[in-house]
Structure formats: structure tokens, C-alpha cells
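Novice: only geometry, no sequence info:
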């Protein structure tokens, strides 16, 4: 009589559970386990087929801390290209094989968790022999074995998204792993901080292990930097191959314009000032060691960046090349600082130089040839409406077209009638046609909210919407109001992430070269406009020991122009035009080829964008 395959699987799991109970685990560190058992799957390797894992010198201390029962928390502040994902896999495999316990892996979103399960966990369970014996058989899926939950002898592996508050409920786990924690939403719904929620899932374990790793984000709102500063703050010291002086690698000491070149940079020793060629890098790193800056308090913190990496795509020459490609563009430079240097981006906390903005005004009185979409932003004051019309091109390069003040009490209908006439105006393009305003956002956060809603409601077909600012850190650029059936709820504005947009705007105002994100201003704009754009200052304060950034408007200053620029960015993100199509149309005009009329009725936005 044959036994059904699923019974074979069940009996096998029971037998393995019994054997693991009777057989004491062999004492070993995480790096020892990895070097003995772990294999890298072809899906996540540049090599063809399976390849045996070999722990790199800078990974050894991190992996051993991740599996050390005497260390409760491990924090890894890092750049890319250091193998953190593989270290998560190894730590997971170590506990499944050597110390069975429930494991919870938290990713930024549910989609990220599903992708991690499919791209990392499943191949690992398939290709690492000691884990494939424990792994559930995928073809016998049931309620206990899904993409986000895997059942093993004596334990479960859970994978969740930090954007879902339900993911942290009803789970008890001895090992909690947070991946890219600085990329999490501000909170898990209404339930609060995801790190604290996750840590509570391990309260029943005397030997609980909490692991968090991430590339940093913006200074003052970067979770991994906050956690790292609470740790013993370990850094990796390497000896100079000439004088032996231990030192950390710093980007400022990579020379590519003196003793070194862009293609062959050298590292200048902090002690003997020898020019160290890249060929010594592996020798230096292999001889390095982790040294803590503070006394150990139960939290082991590690900081490492790409200069230590053995990856062929992260040589010192690659680092320099990426820096030179990014240094003149604050938005690109921010990405370089986060992902290559492993540091949080410090926003320029100084006041924008309004005089420099005023001096770089340009001579144009029509929509330029590179722009194909118009937006309008309206700020409501007690005695007037202020309107900014802005033209947009590829990569959100923009040209301010007009700044208009409609004087009068917004409680009076004639003020709104004048606004309506302005919004219906067709603005001349330098190529000979005219463009309408495609999307308008009107501030409803003041005393005239009812008047704003009354004006916007019958004009939604023209993409005229009320907005209200959300000035907290981490808020999305724009979020649509809730819906009732197929319609938006009346009297509910779109929410604009003012804090987030101001960070973007201030970076763009510092650009020196037209292109990605650059803002052009016409000669007609007054000095007062630029004073208002640069009126606010970004400051730092500390709440309960935590660094918090704030945008502050000094007493006596006005900031209506700044608000208009903020709402304009929200408007183009909401309208979200296909700039490739628009550019093709503009090129067609330049080449005198027939095209579809450029001043067609603007499309109707059916939903908002949570950008």
C-alpha cells in the first residue's frame, strides 16, 4: 500500500523535529555556519549556477554579532554593495538550522516582503542543503505555508510589510529583522513606530535578537542613524600597508586630482601620508578590525561604506566617478551620499540666498520650447488671492510664467470670478500655439475653506482641487481625499506634504545648471518674490533626545511665494503628465510636421497620487 506524498512530507517534518530535539546544536558563530553550510543561489549572484559562500573580513564581525546570544540588538548603518541582504539570509538560515525559533522579517512594504520571499528566501531554502531538508514543500501549500509565512520544524518564518499595522499583530518571534528601516513609512497606520512594534513581538524570549539595517536617508528623520547613535558605534579600522597606522577609510582622503587620478585614485594615509593604491585595499581590509566608539550597552552598532567593499562595481574609481557625476546636482548628490557613502543627507540648513535667485532671472515672456504643461497654484489671504502659473518640461524642469495678485476679500464672489477668468486664459507658447492650465491647486487651510470648496467643486473636470498642507516630516507629496462610492467626499482637500516638498524645493533652488529640477524665473518677478521664497529657515531641535528638523518662518517675514512654489510641485506630481509624449509633440512642431492640437482639453484626473 503506497503512502500519499503529503504524508511523507508530514512524517519527515516530525522526524526532523524529534532528531533536532534529541541532538544538541553544535556551537558555532554565524560566519562559521555560513562558511560551512551556506550557498549563494544563481538568482542573486553574478556567477553561473550555485556558488559557495565565503565570509568577507568586514562581514565576519557583523554576522557573529547577529547570532551572538549575548547581544540583544544589532544595528547596521551602511551603504549599498556590502552584502546585507545575504547576511539576513544567513542569519535566518542559522536560526532555522541551529536554534529553531520564530523569525519575523520586516520589509518596507508588503510588496517588498513578497519579493524578498520569492527572490531570496525560496532560492535559499532550495539551494542550501541543510535548509532544504527543513523547508516546506511548495507544491503542498496550505494555510500554514504561504509566500509570507513558512512553517518549519518547531518554528515559523514570517515576512511582513512595515506599511501594514496588521503585520505586527498576533506574532511572537525570537528573532526580529528589519530590512531598509529608514525607507519605512512614518508609522504603521495608527499604531505607531514599526521598530517598537516589532520589538514587542520578541518580549517573550529571554534570548531575543533584534536586527536592523539600512542605507540612511535624510538627517533628522533617518531611523537607522537614530538607532546607530544608541549603540556602541563600531567602525572598521584598517592598517596602512606602509606605516601600519589603524584608521577608518574616509572619502575626503581619497585623492583623485593630485597624487591620484580619476581613473586611478589613491588613498592618503592619515599618519604617514603615503599614497595607497587600490591594489592594497583587500590587504588592508582583511587585516582590519571593528572598534567601538562607546561602551557596549547591549546594542552592537556597525557603520560601513562602499570603500571597504570587495565588489568589482564599488572600487575607489567607481566611487569617485559616481561622485563627480553627482556633485553638481543636490538631488543626485543626496543619492550618492546615502547609497555610496552610507551617510544621512544633511539638508542645507542655511537661508536660501534670495539675491542670487533674483540675479539669475532670465529674459522670456512666453512658454519656452522645452515646456508643454501649465499648472496653477493659488494661495488664499484675507485681502487677496495670489496665483503662480508655471510651465513644466522633462525631469520637472520648470519656468515661472506669471505671478498675479487678485486683490479683494475671498468671501466676495467677484474675486473668484477674476480667478476663474485667469485660469481659463490660454498662455502663448514660443512655438506659436497656446496652452491652457492643466491642473490647479488652491490652498484651503485658512479662513476661507468654504469659499475654496465652493469654487473647486464644479470645476473638478478642469482639474481644479482644494489642498491643505501637512507639515510633518515624512508625509507623501500629495494624497487624495477619501472617496464616497465613485466620487470624492465633498469638503475634503488633497493633503500636501509641505515638509517633504520644501526639502525638494530647497535642493532645486541651489542648482546652478538648467536640467533636472531646475527652476527658471523671468525678469518680471520682483525681489520681494524671492525674499518670500527664501523666507523660511530649516532648524534643528531636540525632543526627548531625538533630533527633529523644522521649517521656521521668522517673525515679520512673509512666505506666500514659497507656498506657491510648494503647491506647484504638488500640482505637477498630481497631474503626472507623460513628458515623453509631450516632448515628441514639441519636436514635431520644431520639425514642421503635423501633430495633434497641443491645446486640447486637459485630461481629467480620476484619482490622486500618493507620491
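Specialist: Good, I have the coordinates. Bear in mind that the values here come from a model prediction, so they are computed numbers and not experimental data.

Novice: quick one: low-confidence parts of this structure?
Specialist: Scanning the chain for pLDDT under 70 picks out 1-26, 47, 136-144, 165, 188-191, 347-351, 483-491, 539-548, 590-611.

Novice: dump the residue contacts of the most centrally placed residue in the chain.
Specialist: By Cα atoms, centre = their mean, the mean C-alpha position of the chain lies nearest to residue 183, the distance being 4.9 Å. Residues in contact with residue 183 (Cβ atoms under 8 Å, 6 or more residues apart in numbering) are 108, 214, 217. Every residue, glycine included, has its C-beta placed from N, CA and C.

Novice: okay, now the domains of this structure?
Specialist: What automatic domain parsing lists as the domains of the chain is 5-162+171-182+208-215+299-304, 363-528+557-590.

Novice: Out of those, which gets nearest to residue 330?
Specialist: Among the domains of the chain, the nearest to residue 330 by Cβ to Cβ is domain 363-528+557-590 (3.9 Å).

Novice: Any idea how far the closest one is from the middle of the chain?
Specialist: Distance, stretch centre to chain centre, for domain 363-528+557-590: 25 Å (Cα atoms, centre = their mean, to the nearest Å).

Novice: now swap in stretch 114-132 and tell me
Specialist: For stretch 114-132, the distance to the chain centre is 26 Å (Cα atoms, centre = their mean).

Novice: follow-up on the earlier one: is it possible to get JSON lines of the domains of the chain that adds mean neighbour count and distance to residue 240?
Specialist: Shown next, in JSON lines, are the domains of the chain (neighbours: other Cβ atoms under 10 Å; distance: least, Cβ to Cβ, whole Å):
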{"stretch": "domain 5-162+171-182+208-215+299-304", "mean neighbour count": "19", "distance to residue 240": "16"}
{"stretch": "domain 363-528+557-590", "mean neighbour count": "18", "distance to residue 240": "37"}
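
Novice: Helices of the stretch 501-611 of the chain, start to end?
Specialist: Counting by DSSP state H, counting those that start in this stretch, the stretch 501-611 of the chain has helices at residues 527-533, 560-575, 579-590.

Novice: In CSV: these, plus distance to residue 174.
Specialist: Output for the helices of the stretch 501-611 of the chain, formatted as CSV (distance: least, Cβ to Cβ, whole Å):
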stretch, distance to residue 174
helix 527-533, 53
helix 560-575, 42
helix 579-590, 50
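
Novice: With respect to residue 72, which of those helices lies nearest?
Specialist: Per Cβ to Cβ, nearest to residue 72 of these: helix 560-575, 41.8 Å.

Novice: sorry, back to before: could the domains of the chain go into a markdown table alongside distance to residue 196?
Specialist: Listed next are the domains of the chain as a markdown table, based on distance: least, Cβ to Cβ, whole Å:
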| stretch | distance to residue 196 |
| --- | --- |
| domain 5-162+171-182+208-215+299-304 | 11 |
| domain 363-528+557-590 | 16 |
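
Novice: wait, which of these is closest to residue 341?
Specialist: Across those, closest to residue 341 is domain 5-162+171-182+208-215+299-304 (Cβ to Cβ), at 6.2 Å.

Novice: Helices along the stretch 251-400 of the chain, start to end?
Specialist: Going by DSSP H, counting those that start in this stretch, the stretch 251-400 of the chain shows helices at 281-286, 316-326, 330-339, 354-359.

Novice: do the same with the stretch 51-200 of the chain
Specialist: Ranges of helices within the stretch 51-200 of the chain are 57-66, 84-98, 110-116, 122-127, 129-132, 194-200, based on DSSP H, counting those that start in this stretch.

Novice: Show me how far the last one is from its chain's centre.
Specialist: Think helix 194-200. Centroid separation for helix 194-200 versus its chain: 20 Å, with Cα atoms, centre = their mean.

Novice: go on, the third one?
Specialist: Once both centres are worked out by Cα atoms, centre = their mean, helix 110-116 turns out to sit 16 Å from its chain's centre.

Novice: residues in contact with that helix?
Specialist: So helix 110-116 is contacted by 105-107, 147-148, 159-161, 163-164, 167, 179-180 (Cβ under 8 Å, 6+ apart).

Novice: could the helices of the stretch 51-200 of the chain be laid out in a markdown table, adding distance to residue 560?
Specialist: What follows is the helices of the stretch 51-200 of the chain, written out as a markdown table (distance: least, Cβ to Cβ, whole Å):
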| stretch | distance to residue 560 |
| --- | --- |
| helix 57-66 | 50 |
| helix 84-98 | 45 |
| helix 110-116 | 40 |
| helix 122-127 | 55 |
| helix 129-132 | 61 |
| helix 194-200 | 37 |
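
Novice: what's the closest of the ones you listed to residue 293?
Specialist: Proximity to residue 293 (Cβ to Cβ) singles out helix 57-66 among these, at 14.5 Å.

Novice: who does the closest one touch, helix- and strand-wise?
Specialist: Applying 3 or more Cβ pairs under 8 Å, 6 or more residues apart in numbering; DSSP states H and E, we find helix 57-66 packed against helix 30-37, strand 73-78, helix 84-98, helix 281-286, strand 299-304.

Novice: between that helix and helix 84-98, how many degrees?
Specialist: Comparing the axes of helix 57-66 and helix 84-98 via axes from the mean of the first three to the mean of the last three Cα atoms, to 10 degrees yields an angle of 40 degrees.

Novice: can you tell me which of the contacts of residue 183 lies nearest to residue 369?
Specialist: Nearest to residue 369 among the contacts of residue 183: residue 217, at 36.6 Å, using Cβ to Cβ.

Novice: Just give the nearest non-adjacent residue to the closest one, would you?
Specialist: In space, and not counting its chain neighbours, residue 217 is closest to residue 182: 4.5 Å by Cβ to Cβ, 6 or more residues apart in numbering.

Novice: so that neighbour makes contact with residue 220?
Specialist: No - using Cβ atoms under 8 Å as the test, residue 182 is too far from residue 220 to be in contact (11.8 Å).

Novice: ranges for the strands of the stretch 351-500 of the chain?
Specialist: Listed in chain order, the strands of the stretch 351-500 of the chain (DSSP state E, counting those that start in this stretch) span 371-381, 384-393, 398-407, 427-428, 434-435, 437-443, 464-470, 478-479, 483-484, 487-488, 494-497.
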